[in-house]
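Participant: using only what follows, build the 3D model:
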Amino acid sequence: MIQSNIRIDGDALWADLMDTARFGGTPKGGIRRLTLTQEDRQVREWFASTCEKLGCTITVDTMGNMFARRPGQDASLPPITMGSHLDTQPTGGKFDGILGVLGGLAVLRALHEAGHVTRHPIELINWTNEEGSRFTPPMMCSGVFAGVFTEQEVLDKRDRAGARFGDELVAIGYRGEENCGDHPITAYFELHIEQGPILEVENRVIGAVSGVQGMRWYEVTVKGKDAHAGSTPMPMRHDALLAASKMIVALSDVALANAPGAVGTVGLIENRPNSNNVVPGETFFTVDIRHRDDAVVAAMEQDFMSRFRQIAEVAGVTLDIVPIWDAPAVHFDARCVDMVAESARQMGYEPLPIVSGPGHDAAYLAKVAPTAMIFVPCRDGLSHNEEESITESEAEAGANVLLGAVLRADSTF
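Facilitator: This next block holds a predicted model:
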């Protein structure tokens, strides 16, 4: 057992969460802080300045990933790391990703104020473009770090307005000099809100996350024929939107057929020409399928693609399905998961073993270093929503468990 009376400052952590919410804050109390925007630049500058005041040095790699380093006793040892992301969804909340970064900042502050020098250096990481809401796919820059994507393919990604990732990274001043991936680490821990209802239903404060379920994303384009809405008989139409709507229902049916572990979502849809008196000639939408068993994900893919093709044939439309992201299920390092559980118990919480439904940067970090995650509840399981909410005590609990896990890793590795 790690004997330590060091605790994080819960009031300071909460103040940081509320303070950073002004960067991209929305009238409804959420945050719109899309990656590589000026709001992203502002919160990055706040992050760097705050970490430097705690005696940390800042390194930025070629993908804009930020590393705040607190020295340890042995500078030759790779650091024990913590991290998450500061970018948000277009209608994001104050905690998704942000809690992981600011909870890590609370750990650095606690160590600094206690004058405690760890054996390893301790680093806090802000990963670029975890959300994937502006540039797809998500977790791109932790993906480059872990060798999942090449640097060039990410630099050449474009958002829906045509802006190039690499150009936008330079524009906000955060294309660093260190080659992405050339930053050795000993272990990685990520604190995050659950983004689901399980902890709340089970009345638990801490989740010890054993892994992340498998997920795949697709872009679907359905092409029919534009036609006048008043003069084109129903049997003679090639309505792309109508066909797409049937496909969306079919996707839901596929997920329900693999319940309770499977989910299927259409989260983005574009209709063309999008006029009230024109039969739609083209519809674009995205598909997201997930399950903890990769074999089930593969079966779901085959099923929904078959159903989509049948719908397209009957509707007299063409169909193009492009896979854009495949993230197999991830199993975290058992030692690190145990460190999270032991830290929780020492803090007086009985941790709930849990698998993450959403993807996280930790899923890619697990490819290159021992990794684990810590979950805390969010009200009604709500996330990717401006009403996303947690309590101050839950945030403090999660950060204290993170601190305990980091200290355990420091003495173990």
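
Participant: return the residues in contact with residue 143.
Facilitator: By C-beta atoms under 8 Å, 6 or more residues apart in numbering, the residues touching residue 143 are 137, 149, 154, 364. Glycine gets a C-beta too; all of them are placed from N, C-alpha and C.

Participant: give me the number of neighbouring residues for the first one.
Facilitator: Other residues near residue 137 number 19, with proximity taken as other C-beta atoms under 10 Å.

Participant: enumerate every residue touching residue 78.
Facilitator: Per C-beta under 8 Å, 6+ apart, neighbours of residue 78: 120-121, 184-186.

Participant: and the buried ones among those, selectable in PyMOL?
Facilitator: Under the burial definition 16 or more other C-beta atoms under 10 Å, those of the contacts of residue 78 that qualify are selected in PyMOL by:
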select buried, resi 120+121+185+186
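
Participant: so which of the contacts of residue 78 is the closest to residue 55?
Facilitator: Minimum distance to residue 55 across the contacts of residue 78 is 11.6 Å, recorded for residue 121 (C-beta to C-beta).

Participant: next one: that closest one from residue 206, what distance?
Facilitator: 26 Å (C-beta to C-beta, to the nearest Å).

Participant: next: residue 197.
Facilitator: Counting by C-beta to C-beta, the gap from residue 197 to residue 206 is 15 Å.

Participant: who's more crowded, those two?
Facilitator: Neighbour totals were compared for residue 197 and residue 206, and residue 206 leads with 28 against 14 (other C-beta under 10 Å).

Participant: test my guess that the more buried one contacts residue 344.
Facilitator: Yes - shown here, residue 206 and residue 344 form a contact pair, counting by C-beta atoms under 8 Å, at 4.3 Å.

Participant: overlap in contacts of those two?
Facilitator: 350-351, 374, 401.

Participant: give the buried residues for stretch 290-302.
Facilitator: Buried-residue list, stretch 290-302, by 16+ other C-beta under 10 Å: 290-292, 294, 296-297, 299-301.

Participant: same check on stretch 358-372?
Facilitator: 358-366, 368-372.

Participant: quick one: neighbours of residue 101, just the number.
Facilitator: For residue 101, using other C-beta under 10 Å, the count is 27.

Participant: and the end-to-end length of stretch 219-228?
Facilitator: End-to-end span of stretch 219-228 (C-alpha to C-alpha, to the nearest Å): 27 Å.

Participant: rebuild the shared contacts of residue 206 and residue 344 as JSON lines, extending it with secondary structure, pLDDT and distance to residue 320.
Facilitator: Converted to JSON lines, the shared contacts of residue 206 and residue 344 look like this (DSSP: H, G, I helix; E, B strand; the rest coil; pLDDT from 0 to 100; distance: C-beta to C-beta, whole Å):
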{"residue": "350", "secondary structure": "coil", "pLDDT": "97", "distance to residue 320": "50"}
{"residue": "351", "secondary structure": "coil", "pLDDT": "98", "distance to residue 320": "45"}
{"residue": "374", "secondary structure": "strand", "pLDDT": "98", "distance to residue 320": "41"}
{"residue": "401", "secondary structure": "helix", "pLDDT": "98", "distance to residue 320": "46"}
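
Participant: list just the nearest of those to residue 61.
Facilitator: residue 374 (24.7 Å).

Participant: I'd say the closest one and residue 206 touch.
Facilitator: Yes - counting by C-beta under 8 Å, residue 374 sits close enough to residue 206 to count as a contact (6.5 Å).

Participant: joint contacts of those two?
Facilitator: 340, 344, 398, 401.

Participant: list the contacts for residue 355?
Facilitator: Contacts of residue 355 by C-beta under 8 Å, 6+ apart are 209-213, 292.

Participant: picking up where we left off before, among the shared contacts of residue 374 and residue 206, who's most crowded?
Facilitator: Of these, with other C-beta under 10 Å as the count, residue 401 tops at 32 neighbours.

Participant: distance of that one relative to residue 184?
Facilitator: Residue 401 is 25 Å from residue 184, by C-beta to C-beta.

Participant: show me the shaky parts of the stretch 101-250 of the chain.
Facilitator: Judged by pLDDT under 70, the stretch 101-250 of the chain has no weakly predicted residues.

Participant: those helices in it, which residues are they?
Facilitator: 140-145, 151-155, 165-171, 198-202, 240-257 (DSSP state H, counting those that start in this stretch).

Participant: quickly compare the ones you listed and say which is most buried.
Facilitator: When these are scored by mean count of other C-beta atoms under 10 Å, the highest mean neighbour count falls to helix 140-145 (a mean of 28).

Participant: could you dump that helix to PDB, C-alpha only?
Facilitator: Extracted in PDB, the C-alpha atoms of helix 140-145 (Å, rounded to 0.1, in the frame of the first residue of the first chain):
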ATOM      1  CA  MET A 140      -6.100  11.300 -34.400                       C
ATOM      2  CA  CYS A 141      -3.100  12.700 -32.700                       C
ATOM      3  CA  SER A 142      -2.700  10.100 -30.000                       C
ATOM      4  CA  GLY A 143      -3.200   7.700 -32.900                       C
ATOM      5  CA  VAL A 144      -0.100   9.200 -34.700                       C
ATOM      6  CA  PHE A 145       1.800   9.000 -31.400                       C
END
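
Participant: distance from the chain centre to it, please.
Facilitator: 12 Å (C-alpha atoms, centre = their mean, to the nearest Å).

Participant: list of residues touching stretch 390-399?
Facilitator: 8, 10-11, 13-14, 17, 95, 99, 103-104, 106-107, 191, 193, 205-206, 347, 349, 374-379.

Participant: neighbours of residue 271, how many?
Facilitator: Per other C-beta under 10 Å, the neighbour tally for residue 271 reads 17.

Participant: quick one: contacts of the host helix or strand of it?
Facilitator: Assigned by DSSP states H and E, residue 271 falls within strand 269-272. For strand 269-272, the external contacting residues (C-beta under 8 Å, 6+ apart) are 240-241, 244, 280-286.

Participant: between these, which sits nearest residue 25?
Facilitator: Closest to residue 25, out of all of the contacts of strand 269-272 and judged by C-beta to C-beta, is residue 286, at 27.1 Å.

Participant: just checking, the closest one is part of a strand?
Facilitator: Yes - per DSSP: H, G, I helix; E, B strand; the rest coil, residue 286 lies within a strand segment.
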